[in-house]
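Colleague: The sequence isn't on hand, but the structure is:
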């Protein structure tokens with residue numbers, strides 16, 4: 001009598017095992033395909049939003065009020081061509097316009113009401129000014145409305161020349177308190193008191 005371990009597999013058992021493996025592999029491949037499609041969609045969504053945001057920022061910083069109505073065009077961004085459509089409408093607030101920008105890949109063929117990857121809305125107001133390109137001086141205090149004075153080294157900006165706490169002449173500023181020198185005296189004692197210096201008895205009175 002042949003043992004069960006030496007019997008091997010029948011053709012039916014092999015086919016059943018292959019079917020199970022095929023079903024499992026198809027489920028795994030489906031999950032991988034869905035994940036790849038999701039990643040591609042998120043990438044397109046992100047790039048489309050960047051294109052729309054750049055378009056709105058360009059309009060807002062141009063300093064010219066956009067005309068109401070629809071405009072469209074194509075742009076290359078992120079190694080891909082995109083088609084955008086801009087709609088400018090008035091609002092209930094005077095001088096304030098709403099800008100809606102729709103973006104989709106250029107190869108997508110659809111009408112003006114469908115097929116868009118993303119839609120971004122922005123606001124344009126007539127109070128927005130044109131940038132002058134000047135960078136702010138971060139971390140520096142303004143000397144406006146500050147009392148004149150100098151720091152410990154006798155140097156600061158603004159104000160009239162004064163004497164710093166170490167005797168060096170400064171230029172006035174926003175730190176410290178002005179210190180004026182004591183009046184000199186022709187005597188040989190301490191400056192300003194006219195008395196002999198007790199620490200130096202060799203000096204004549």
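Modeller: Sure, I can see it. Because the structure is predicted, anything quoted here is derived from the model rather than measured.
Colleague: drop to CA atoms for contacts and neighbour counts, all remaining ones
Modeller: Fine.
Colleague: just the strands in this protein please.
Modeller: For the chain, the strands defined by DSSP state E cover 69-77, 80-90, 96-105, 118-125.
Colleague: Give me the angle between the first one and strand 80-90.
Modeller: So the one you mean is strand 69-77. 160 degrees (axes from the mean of the first three to the mean of the last three Cα atoms, to 10 degrees).
Colleague: tell me the domain boundaries of this structure?
Modeller: Split into domains by automatic domain parsing, the chain comes to 12-125, 147-180.
Colleague: Quick check: which of those is buried the most?
Modeller: Among the domains of the chain, domain 147-180 has the highest mean neighbour count (mean count of other Cα atoms under 10 Å), at a mean of 19.
Colleague: avg pLDDT for that domain?
Modeller: Here domain 147-180 scores 46 as its mean pLDDT.
Colleague: Check residue 81 and give its pLDDT.
Modeller: What the model reports for residue 81 is a pLDDT of 93.
Colleague: my guess is it meets residue 105, correct?
Modeller: Yes: between residue 81 and residue 105 there is a contact under Cα atoms under 8 Å: 6.2 Å.
Colleague: and the domains of the chain as a markdown table, adding distance to residue 135?
Modeller: Shown next, in a markdown table, are the domains of the chain (distance: least, Cα to Cα, whole Å):
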| stretch | distance to residue 135 |
| --- | --- |
| domain 12-125 | 16 |
| domain 147-180 | 21 |
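Colleague: ranking the ones you listed by mean pLDDT, which is last?
Modeller: Among the domains of the chain, domain 147-180 scores lowest, at a mean of 46.
Colleague: on that earlier part again, now distance to residue 20 too, for the strands of the chain, in a markdown table please.
Modeller: Output for those, formatted as a markdown table (distance: least, Cα to Cα, whole Å):
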| stretch | distance to residue 20 |
| --- | --- |
| strand 69-77 | 46 |
| strand 80-90 | 42 |
| strand 96-105 | 41 |
| strand 118-125 | 42 |
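Colleague: Out of these, which is closest to residue 139?
Modeller: Proximity to residue 139 (Cα to Cα) singles out strand 118-125 among the strands of the chain, at 30.6 Å.
Colleague: relative orientation of the closest one and strand 80-90 in degrees?
Modeller: Counting by the same axes, to 10 degrees, strand 118-125 lies at 40 degrees to strand 80-90.
Colleague: Which stretches in this protein count as helices?
Modeller: Here the chain has its helices, by DSSP state H, at 11-61.
Colleague: From residue 104, how far out is residue 113?
Modeller: From residue 113 across to residue 104, the span is 12 Å (Cα to Cα, to the nearest Å).
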